[in-house]
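K.L.:
could you look at this predicted model? Sequence included:
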Amino acid sequence: MQRGPALLLLAFCLAGALPAAAETRRVASVPGALAQAIAGASPGDILVLEPGNHPGPVTLGFPLTLQGEAGAHLSGDGTGNTVTITGPDVTVTGLAISGSGNDATDISSGIFVAQSARNARITDNLLTGNLHGITLHGAKDSLVSGNRIEGRRSGHVNDRGNGVYVWNAPGTIVEGNDIRWGRDGIFANASKQNIFRNNRMRDLRFAVHYMYTNNSEVSGNVSIGNTLGYALMFSNRITVTGNQSLADRRHGLMLNYANNAIISGNLVRGLRTEKCTFIYNAHKNRISGNRFEGCETGIHFTAGSERNVITGNAFIANRTQVKYVGTRHVEWSEAGRGNYWSGHTAYDLNGDGIADSVFRPNDLMDHILWSQPSAALLLGSPAVQLVRWSQQSFPAILPGGVTDSAPLTRPFTIPVNADNAALEQRALEDASQRQQADDDPEDLAAH
């Protein structure tokens, strides 16, 4: 029996059944070349875009890599998205991307990752002048890493798009990006299991904006010269660690209807900041190991926020360390460890790092001044001094408010690297000339 021809025929049949090996194809910067290359590509192919302008828009509906050489620019036609990703396992890397449309309803973006996409990889791109930089709209398990995103600067702030917009996109990781201008640096809405880490965001409304985003992480990010650093709203079980807010104008960190969060190791350094931290109707959060420095108000605590643990923080050189709006008595220490308060002169006779006297940052006169600012004219009067002496001598007559029964006597520092410190200084110098942003973070209903 002659088996040779049969085996040869079988080998040819098997070879035809196997997928073709992925190819790397170079794409010249001439009109129509990119569209033709995408149409002729097979799953897994790598299209290397040569330097020059490559006209878009383009849609990527199957596993494919668009890789730009230095100087490769993918430009949209001013409508819709410049790049739309609808298929799985797509990578877009090393490209300059611009030219999205202006339609806020359709979320015009430099790169738009649709719900049908999975495992998108968007890395090391430069996105400039798009309405939204990168939008992840229902897509799962995407990575947005190492991109520089520069949004729009014209028009009202609230009419601009976001650097990265995450909507219902579980498993998204946004890391190591540099985001400037536009509306919000990273805006997450109705999502979960996201990680936003080690991004730097400047000259925006909010650096990170959370709405209805649960079981997620914000870590190692830097916000410089924004209206508000980290706006964490209507979200549950989030971890916010190791972030920095430098020279942000209104608030460094805001918790609004945010519950069961861990807030630790963060630095808010103001000098022109209204409130280092604003806690509004937020419950069961652990706020520890943070440094709040140089703000008009260190922490503004209001709207019935309950069952929060506030311990191990450092409040440094804030004009008003605490503004507590409420009548309940609240203890800000845990297991014999409170917070450090600059300006609190107290003895520590046994040298254990815990002051020998309790600290109460607010008294009855503070509450009067918050509701009636004109009463400040009476601060030096004998009547006011008598009221304050009475409260010190008879603590039972103190109104409800914050008590730290174990204040710390030694502060801690959180370092800022030289590059970010230089940008912080520049933001402070520019603050007086900069036009005030046309949004109001105090109007919570507007978010």
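P.N.:
Perfect, thanks for sending it. Numbering: from 1, shown residues only.
K.L.:
use CA for all of it now, contacts and neighbours both
P.N.:
Fine.
K.L.:
residue nearest the centroid of this protein?
P.N.:
Val208 (2.3 Å; CA atoms, centre = their mean).
K.L.:
from Met201, how far out is that residue?
P.N.:
Distance of Val208 to Met201, given as CA to CA, to the nearest Å: 8 Å.
K.L.:
could you do Ala422 as well?
P.N.:
14 Å.
K.L.:
comparing these two, which residue is more hemmed in?
P.N.:
A count of neighbours by other CA atoms under 10 Å puts Met201 above the other of Ala422 and Met201, at 27 against 12.
K.L.:
now for the more buried one: which residues touch it?
P.N.:
Residues in contact with Met201, defined by CA atoms under 8 Å, 6 or more residues apart in numbering, are 178-180, 185, 207, 221-224, 226.
K.L.:
just among the residues you listed, which is most surrounded?
P.N.:
Gly185 leads these on contacts (other CA under 10 Å) with 35 neighbours.
K.L.:
list the contacts of whatever helix or strand that one lives in.
P.N.:
For Gly185, the host element (DSSP states H and E) is strand 184-189. Strand 184-189 has contacts (CA under 8 Å, 6+ apart) with 161-168, 179, 201-202, 204-213.
K.L.:
swap in 6 Å and give it another go.
P.N.:
162-167, 179, 201, 204-213 (CA atoms under 6 Å, 6 or more residues apart in numbering).
K.L.:
mind checking which of those are buried?
P.N.:
162-167, 179, 201, 204-213 (16 or more other CA atoms under 10 Å).
K.L.:
could you pull up the residues touching the residue nearest to the centre of the chain?
P.N.:
Counting by CA under 6 Å, 6+ apart, the residues that Val208 touches are 185-186, 230.
K.L.:
make JSON lines from the residues you listed and add pLDDT and distance to Thr327 to it.
P.N.:
Conversion of the contacts of Val208 to JSON lines gives the following (pLDDT from 0 to 100; distance: CA to CA, whole Å):
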{"residue": "Gly185", "pLDDT": "98", "distance to Thr327": "37"}
{"residue": "Ile186", "pLDDT": "98", "distance to Thr327": "36"}
{"residue": "Tyr230", "pLDDT": "98", "distance to Thr327": "28"}
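K.L.:
of these, just say which sits nearest to Ala346.
P.N.:
Tyr230 (33.4 Å; CA to CA).
K.L.:
contact partners for the residue lying closest to Val30 once chain neighbours are set aside?
P.N.:
Leaving aside its sequence neighbours, Val30 sits nearest to His54 (CA to CA, 6 or more residues apart in numbering; 6.6 Å). When contacts are counted by CA under 6 Å, 6+ apart, His54 touches 29, 73-74.
K.L.:
try Asp404
P.N.:
331-333, 338, 358-359.
K.L.:
swap in 7 Å and give it another go.
P.N.:
Asp404 is in contact with 331-333, 338, 358-360, counting by CA atoms under 7 Å, 6 or more residues apart in numbering.
K.L.:
looking at the contacts of strand 184-189, which are in strands?
P.N.:
164-167, 179, 201, 206-211 (DSSP state E).
K.L.:
export those as JSON lines, with columns for distance to Ser154 and pLDDT.
P.N.:
What follows is the ones in strands among the contacts of strand 184-189, written out as JSON lines (distance: CA to CA, whole Å; pLDDT from 0 to 100):
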{"residue": "Val164", "distance to Ser154": "18", "pLDDT": "98"}
{"residue": "Tyr165", "distance to Ser154": "19", "pLDDT": "98"}
{"residue": "Val166", "distance to Ser154": "23", "pLDDT": "98"}
{"residue": "Trp167", "distance to Ser154": "25", "pLDDT": "98"}
{"residue": "Ile179", "distance to Ser154": "16", "pLDDT": "98"}
{"residue": "Met201", "distance to Ser154": "18", "pLDDT": "98"}
{"residue": "Phe206", "distance to Ser154": "17", "pLDDT": "98"}
{"residue": "Ala207", "distance to Ser154": "18", "pLDDT": "98"}
{"residue": "Val208", "distance to Ser154": "21", "pLDDT": "98"}
{"residue": "His209", "distance to Ser154": "21", "pLDDT": "98"}
{"residue": "Tyr210", "distance to Ser154": "24", "pLDDT": "96"}
{"residue": "Met211", "distance to Ser154": "25", "pLDDT": "97"}
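K.L.:
turn those residues into JSON lines, columns for distance to Thr239.
P.N.:
Listed next are the ones in strands among the contacts of strand 184-189 as JSON lines, based on distance: CA to CA, whole Å:
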{"residue": "Val164", "distance to Thr239": "19"}
{"residue": "Tyr165", "distance to Thr239": "19"}
{"residue": "Val166", "distance to Thr239": "17"}
{"residue": "Trp167", "distance to Thr239": "19"}
{"residue": "Ile179", "distance to Thr239": "21"}
{"residue": "Met201", "distance to Thr239": "19"}
{"residue": "Phe206", "distance to Thr239": "18"}
{"residue": "Ala207", "distance to Thr239": "16"}
{"residue": "Val208", "distance to Thr239": "13"}
{"residue": "His209", "distance to Thr239": "14"}
{"residue": "Tyr210", "distance to Thr239": "12"}
{"residue": "Met211", "distance to Thr239": "14"}
